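Undergrad: Following is a predicted model, sequence given first.
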Amino acid sequence: MNPTFKALLIIGIIGIIMVTCGCAGQRTGKSHTEITYQAEIMVIKEKGGRVDWSHTLNVVAFDKRGADGFYDIYLLNPDGSHERCLTCDTTSHHNGNPAWHPSGEWIVFQSVDTALLPPINPEEVNAYTNPGAGWLNNLWAMDDEGSTFYQLTSVGIKGGVLHPHFSHDGTELLWAERVEGDETGSTGTWALKIADFTITENGPVIGNIQSFTPGEQHAFYESHGFSFDDTRILFSGNLQKDQPMYGLDIYELDLETQKLTPLTESFYEWDEHAHYSPDGQTIVWMSSAGYNVNPLRADFWLMDVDGSHKQQLTFFNESGHPHYRGVTVAADSALGPDGNTIIAYIKTECAGLGSEGSIVKIELKEKENFWVLTHNLVHIMFLALCAIILGIYQNKMKGS
């Protein structure tokens, strides 16, 4: 072999190996996934709260605090247009946390039982009974026009409910329920509940209620939804011994085997409001990771359904970033039918349980990360170098 050609070949091979190994060595850690996302964010309602998106009707249900200080349930289109109220003419107290039935014909929601209201500080009662806290709340069902209403649960003075969610076939209803506690609205002890949901000639009813309290510490649980095949549920809770209330983690529970899978494991970070994508492959949730919890700040994150490939999606709390909005708590969210659009509630007044927020639309845009681009560049360099070496070799052969 010609000495010059041999030297070029050796140098080329060594160079490719070094660059490739360097890239491979860098591609470690949970943030370097094959595909990452960037978020384009638009505020569609300056004032609003918890959300759910009917894929059948392509309509968003949400709650919003009115001039009277109480929350009511509204509908609007995903672009923020055609807002209308469903519960403004009902009881003069909180109605919120709407959950669409898959058919689009029914909405289950929380409503305060005014007969249970205690004679204590009205501001404290207002805060602890709002849809995000759930004390003295019952589950109700209404039709999609807000014309007929049916009570589903009946809690006592120590009770309450939070975050109802339907199974994909609409036959089961999941929620969290306050089962023990004092009569002042403090956190208390909660459980996860699942019931059969049936439409009878007299309206919707629930039955065959099951209770779940997984984990070592039975304290707070918040329901987030059913898996794609309705065999597992997603929820958050402080399940480890002595884990504080603000240290919530995300879990998945297999309903048949009772196998509990932790998807986040951060004893002192706040992880909550987890929701499956329509194809069941991805989970969006909120996390305080990287921030202090006083004052609480949180952003939206994405992860694979097994808890891998965690990546931060929004940067509301990072000064200088296009998403920056000051101290913000990313909260409830709902994914659209295509899985690439999220309607979300972000709390922009972060002091107290009754704090106000806005509703935003988040468009997910795929982007290849640095290491994928580098890997592709190495391939291009390799092919170019091979072509150069081949050309040199052919010229040498012609000249010999």
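TA: Received the coordinates, thanks.
Undergrad: pLDDT-wise, which helix or strand of the chain ranks last?
TA: helix 3-26 (a mean of 51; mean pLDDT, DSSP states H and E).
Undergrad: Would you mark the buried spots in the helix or strand that that one is followed by?
TA: Using DSSP states H and E, the helix or strand that follows helix 3-26 towards the C-terminus is strand 36-45. For strand 36-45, a neighbour-count test (16 or more other C-beta atoms under 10 Å) marks 36-37, 39, 41, 44-45 as buried. No exception for glycine: its C-beta is placed from N, CA and C like everyone else's.
Undergrad: for stretch 283-303, same thing?
TA: 283-288, 291, 296-303.
Undergrad: Sitting in helices, which of these do you find?
TA: Applying DSSP state H to the buried residues of stretch 283-303, no entry is found in helices.
Undergrad: Could you point out which of those residues is nearest to residue 360?
TA: Closest to residue 360 out of the buried residues of stretch 283-303 is residue 300 (9.7 Å), distances taken as C-beta to C-beta.
Undergrad: pLDDT weak spots in the chain?
TA: When residues are selected by pLDDT under 70, those of the chain lie in 1-35, 185, 349-355, 368-379, 381-382, 386-387, 390-391, 393-400.
Undergrad: now the helices for it?
TA: 3-26, 122-128, 370-399.
Undergrad: Can you list the buried residues in the shortest one?
TA: The neighbour-count criterion (16+ other C-beta under 10 Å) identifies 125-128 as the buried residues of helix 122-128.
Undergrad: For residue 144, give its distance to residue 250.
TA: Distance, residue 144 to residue 250, by C-beta to C-beta, to the nearest Å: 30 Å.
Undergrad: sorry, that was for residue 308
TA: 13 Å.
Undergrad: before we move on, what about residue 67?
TA: In terms of C-beta to C-beta, residue 67 sits 36 Å off from residue 250.
Undergrad: which one of these two has more residues nearby?
TA: A side-by-side neighbour count of residue 67 and residue 250, using other C-beta atoms under 10 Å, places residue 250 first with 27 against 5.
Undergrad: okay but the more buried one is in contact with residue 261, surely?
TA: No: applying C-beta atoms under 8 Å, one finds residue 250 not in contact with residue 261, separated by 9.6 Å.
Undergrad: which residues are common contacts for the two?
TA: Common contact partners of residue 250 and residue 261 (C-beta atoms under 8 Å, 6 or more residues apart in numbering): residue 307.
Undergrad: Just the terminal-to-terminal distance for stretch 130-148.
TA: End-to-end distance for stretch 130-148: 22 Å, by C-alpha to C-alpha, to the nearest Å.
Undergrad: And it, what's buried?
TA: Buried, per 16+ other C-beta under 10 Å, within stretch 130-148: 130-144, 146.
Undergrad: Out of those, give me the two with the largest separation.
TA: Farthest apart among these - using C-beta to C-beta - are 135 and 144, which lie 27.6 Å from each other.
Undergrad: What residues sit buried inside stretch 205-217?
TA: By neighbour count with 16+ other C-beta under 10 Å, stretch 205-217 contains the buried residues 206, 212, 214-215.
Undergrad: give the contact list for residue 254.
TA: Contacts of residue 254 (C-beta under 8 Å, 6+ apart): 231-232, 260-261.
Undergrad: Turn those into TSV, columns for distance to residue 245 and neighbour count.
TA: As requested, those are arranged in TSV below (distance: C-beta to C-beta, whole Å; neighbours: other C-beta atoms under 10 Å):
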residue	distance to residue 245	neighbour count
231	29	13
232	25	21
260	19	13
261	22	13
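Undergrad: now those residues as a markdown table including distance to residue 320?
TA: A markdown table is the format used below for those (distance: C-beta to C-beta, whole Å):
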| residue | distance to residue 320 |
| --- | --- |
| 231 | 44 |
| 232 | 39 |
| 260 | 40 |
| 261 | 37 |
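Undergrad: which residues pair with the residue lying closest to residue 206 once chain neighbours are set aside across the strands?
TA: Spatial nearest neighbour of residue 206, chain neighbours left out: residue 195 (4.0 Å); criterion: C-beta to C-beta, 6 or more residues apart in numbering. Taking DSSP bridges, one obtains residue 173 as the residues bridged to residue 195.
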